[in-house]
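Enquirer: could you work out the structure for the sequence below:
(one chain, ligands or ions: 1)
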Amino acid sequence: MEPTPKLPPTVVLVEATPGYPILEIRHPQCFGRLALHGAHVMEWQPVSADAPVLYLSPDALLQPGKAIRGGIPICWPWFNAHPSDSSLPSHGFARTHFWELEAAEEDESGVTISLRFRSGDLAAYLDVYFGEWLEIALETTNLGDEPLPLSGALHTYLAISSIAQVQVDGLSGDQYLDTVGDRTERVQSGLVYFDREVDRIYENDSSALLVDSGYERVIVVEKEGSPSTVVWNPWVDKAKNLSDLPDEAYRDFVCIEAAISNDRAIILAPGGSHVLSTTLRVEDH
Ligand SMILES: O=P(O)(O)OC[C@H]1O[C@H](O)[C@H](O)[C@@H](O)[C@@H]1O
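Expert: So this is what the prediction gives:
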């Protein structure tokens, strides 16, 4: 599969396997990789960061039809199980299909890659900016004649020094649905710690901070158009059940997802659009 747009000098097309193109970004401000399959940001590291910002599983499958474990999967046009049809794939179609490359542009601050994908009457247009910060903006437009629900997530896997040395700040006081065991509504008090499986949907439309005392850094996760923030770590047992993740890898990442949960789905009127976006920045701690 050859992308049609001309690539700037800082963007190179490589193939993980024949027919599985990956754009590699080698810019003075950052290194990055994006798979056209899933429009999936696999890696991003600004030059100012000493370690990768995104976690990518060493066992990730780079195969058509398989979601990549790590980086930033695009969950679209729904989040998790489909709300009414359990035969449909978890997290929607976008992460298991090739997207069309629309444009790749560079300037002195970074690189912007634009891609498109369509599912029925819903059209997705994605802009990814790789620079000193990373920004993903996913615009969805309803091209049909009927209102359509939209949910989903920018399912960001953040690389960490060690699970015992990180906490999430910025969610205190927020209501959340704890989906581990019996689904229970709770209110966050203080920081989020990781000493067990964590799978929570917070009612939060602003930013969260991943504080990492091992790497002495904070990753700021900003977002817009997202009424829910999902925080996930699979912990020991779930990690063992994920064949594309090493058993011990639950120690190496936390997901902070700019989400639209199914119970807060956005109803897109005919011709209407919605932009879901997230920005990652690395700061000293
Ligand atoms: O294994 P996946 O389909 O990629 O899903 C990975 C995870 O995504 C989200 O974080 C959900 O809240 C979790 O319940 C789910 O386990």
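
Enquirer: the ligand contacts on the stretch 101-250 of the chain?
Expert: 199, 230, 232 (C-beta under 6 Å from any ligand atom). Placement of C-beta: from N, CA and C, glycine included.

Enquirer: what is the nearest of these to the ligand?
Expert: Distance to the ligand across those (C-beta to the nearest ligand atom) is lowest for Trp232, with 3.5 Å.

Enquirer: give me the residues contacting the one helix or strand the closest one maps to.
Expert: If you go by DSSP states H and E, Trp232 is part of strand 228-233. The contact list for strand 228-233 (C-beta atoms under 8 Å, 6 or more residues apart in numbering) reads 79, 153, 155, 163, 168, 171, 174, 192, 194, 197-204, 208, 223, 250, 253-261, 264.

Enquirer: of those, select the buried ones using a PyMOL command.
Expert: In PyMOL syntax, the buried subset of the contacts of strand 228-233 is picked out as below (16 or more other C-beta atoms under 10 Å):
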select buried, resi 79+153+155+163+168+171+174+192+194+197+198+199+200+201+202+203+204+208+223+250+253+254+255+256+257+258+259+260+261
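
Enquirer: which of the contacts of strand 228-233 fall within strands?
Expert: 153, 155, 168, 198-203, 208, 223, 253-260 (DSSP state E).

Enquirer: give me the neighbour count for Thr4.
Expert: 8 (other C-beta atoms under 10 Å).

Enquirer: report how many residues lie close to Asp182.
Expert: Residues near Asp182, counting by other C-beta under 10 Å: 6.

Enquirer: a helix runs through it, doesn't it?
Expert: No - secondary structure of Asp182 (DSSP: H, G, I helix; E, B strand; the rest coil): coil, not part of a helix.

Enquirer: tell me how many other residues surround the residue lying closest to Gly70 once chain neighbours are set aside.
Expert: Among residues not flanking Gly70 along the chain, Leu56 sits closest, at 3.7 Å (C-beta to C-beta, 6 or more residues apart in numbering). Neighbourhood size, Leu56 [other C-beta under 10 Å]: 20.

Enquirer: which residues touch Leu56?
Expert: Applying C-beta under 8 Å, 6+ apart to Leu56 gives the contacts 42-43, 68-71, 157.

Enquirer: ok, and the most crowded of those residues?
Expert: With neighbours taken as other C-beta under 10 Å, the top of the contacts of Leu56 is Gly70, carrying 28 neighbours.
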